[in-house]
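Student: Below are the sequence and a predicted model for it; my questions follow.
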Amino acid sequence: MRKKIVAGNWKMNKNVTDAQQLMIQLLRYKNNNATNCEVWIAPPALYLTMAKDVFDKGQVGVFSQDMSAYESGAYTGEISADMLQSIDAKGSLIGHSERRQYHNETDAQCNVKVKLALDKGLIPVYCNGETLEQRKAGQHFDVVKTQTETALFTLTADEIKKVVIAYEPVWAIGTGETATPEQAQEIHAHIRNIIAAKYGQDVADEISILYGGSVKPDNAKEIFSQPDIDGGLIGGAALKLEDFSKIIEGFNA
Ligand code: PGA
């Protein structure tokens, strides 16, 4: 059975005091509530070691928001897969649309990062999704196919099984506009079919595919009830425990 996951992407939010406070609230919540999914967070890199200290028993998986495509050396500002492994992080987001948009990241780079993460025992959360223009032009199926193939299809079957995919239509991120559960399900099934065509249905069925883009307490349950949606990558609504916990509870009952 593939994993159900709710992951919070904090992006570039919160000072150290506020970050610690939210981590402690989340720890208390996890300790007091049985959840039907894994809970992961991707705080700013500066707070990763603090997150590892707070969640010292692995109550919440700790992820970075990005990692370098290089192993080590003169790459100012970057953090490496090795560094993440050395603090026992669980993995890293890779290819978030904001990295693509503001830092010109490509699927070829994502491919290198995904492989590097796997080599270090980290879980890559590979993000893809079409822009509004691409959707309006009816290109969304092709865009997502090309992204998935370019970033992931050099992997072996054993490797790709360890990847988590986050489908995040760019037009739904931070805009308040959510893909309908049907729109999301259609692309999730499409991604799973693409993987099944190359690696077989058994492999495709093991891969968790998360939906991201304006997931909120009031739409999480319906989105998560779709057969090919295995959870969510949550931005804005991950910044307050009240909202994030209700989204986690989208997997209850
Ligand atoms: P959002 O962000 O939930 O604020 O739309 C999702 C994401 O970018 O991962």
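Tutor: Everything's here; your move. Computed from a predicted structure; not experimentally measured. Numbering: from 1, shown residues only.
Student: got a list of what the residue of the stretch 101-250 of the chain found nearest the ligand touches?
Tutor: Nearest residue of the stretch 101-250 of the chain to the ligand: Gly235, at 2.2 Å (Cβ to the nearest ligand atom). No exception for glycine: its C-beta is placed from N, CA and C like everyone else's. Applying Cβ atoms under 8 Å, 6 or more residues apart in numbering to Gly235 gives the contacts Gly8, Asn9, Lys11, Ile173, Gly174, Gly212.
Student: element containing Phe141?
Tutor: Phe141 is part of helix 140-152, with elements assigned from DSSP states H and E.
Student: Only the buried residues of that helix, if you could.
Tutor: By 16 or more other Cβ atoms under 10 Å, the buried positions in helix 140-152 come out as His140, Phe141, Val143, Val144, Lys145, Gln147, Thr148, Ala151, Leu152.
Student: quick one, strands of the stretch 101-250 of the chain?
Tutor: In the stretch 101-250 of the chain, the segments counted as strands under DSSP state E, counting those that start in this stretch are 123-128, 164-167, 209-212, 231-234.
Student: if I look at Asn193, how far off is Phe153?
Tutor: Computed as Cβ to Cβ, to the nearest Å, the Asn193 to Phe153 distance reads 14 Å.
Student: okay, and the helix or strand of the protein with the least pLDDT?
Tutor: Ranked by mean pLDDT, DSSP states H and E, the weakest helix or strand in the chain is helix 132-136, scoring a mean of 92.
Student: Not counting that one itself, show me its contacts.
Tutor: His140, Val143, Pro169, Val170, Trp171.
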